[in-house]
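only geometry, no sequence info:
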C-alpha cells in the first residue's frame, strides 16, 4: 500500500511546514511542494538516539577529580524503519549507511514529501558534490 499525503484533507499547515523543514535543500523542497521533479539521489537521515555524556563521581582517594562518561544510546529498530520507508516509497529504500544512520534513496518530489512526513526521518539531504571555496 502506497501512502498518499493530501495537504488539504489530512494535514494542517503546521504539519506540512514541519515536514518541509526536514528537507535540507531549497531545490528538493520546491520539488516536494510542487509534487514534481525528476528522480535524484538523496540521503535520508533517520532519527536515532544520541549517546549522552554524564559526570562520573569522584574516585576514592581523589576528591574533586571527576571525569566524563558516555552512556550508549538504544539501538534503532532498523527493520521497522526500513519497512516504514519501503511502504512510503513502494519499494526497498536501498543502501543503508550505519555510520551516518542514513539511507541512500533514489526519489522524486512526491517521494521526498512522503519521506519527510515519516516520524523516523530526521532530515533529507541532497547528494551533491561539495566544492571547496578555497583556491586550489
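All right, it came through fine. This is a predicted model, so every value here is computed, not measured.

which residues touch residue 49?
With contact set as CB atoms under 8 Å, 6 or more residues apart in numbering, residue 49 has these partners: 73, 74, 76. Backbone N, C-alpha and C define where each C-beta goes, glycine included.

correct me, but residue 19 touches residue 116?
Yes: with contact defined as CB atoms under 8 Å, residue 19 counts as touching residue 116 (4.1 Å).

which regions of this structure lie under the pLDDT threshold?
Along the chain, the parts satisfying pLDDT under 70 run over 1-16, 59, 61-64, 130-136.

what about the strands in the protein?
Per DSSP state E, the chain carries strands over the ranges 40-46, 52-56, 67-71, 96-97, 102-107, 121-126.

Now render those as CSV, adding distance to residue 81 and mean neighbour count.
Listed next are the strands of the chain as CSV, based on distance: least, CB to CB, whole Å; neighbours: other CB atoms under 10 Å:
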stretch, distance to residue 81, mean neighbour count
strand 40-46, 5, 20
strand 52-56, 21, 9
strand 67-71, 22, 9
strand 96-97, 9, 14
strand 102-107, 8, 21
strand 121-126, 9, 18
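
Quick one: closest of the ones you listed to residue 29.
strand 121-126 (9.1 Å; CB to CB).

Ok, which of the strands of the chain comes nearest residue 24?
strand 121-126 (5.0 Å).

re earlier: can you tell me which of the contacts of residue 49 is nearest residue 39?
Distances from residue 39 to these, taken by CB to CB, are shortest for residue 76, at 26.3 Å.

How many neighbouring residues does that closest one have?
15 (other CB atoms under 10 Å).

Let me see the contact set for it.
46, 47, 48, 49, 101.

out of everything not next to it in sequence, what's closest to the second one?
Counting by CB to CB, 6 or more residues apart in numbering, the nearest residue to residue 47 once its immediate chain neighbours are dropped is residue 122, at 4.6 Å.

circling back: tell me which of the strands of the chain sits nearest to residue 86.
strand 102-107 (10.3 Å).

helices and strands around the top helix by length along the chain, which ones?
The longest helix of the chain (DSSP state H) is helix 78-89. Packing contacts for helix 78-89, counted by 3 or more CB pairs under 8 Å, 6 or more residues apart in numbering; DSSP states H and E, involve strand 102-107, helix 109-116.
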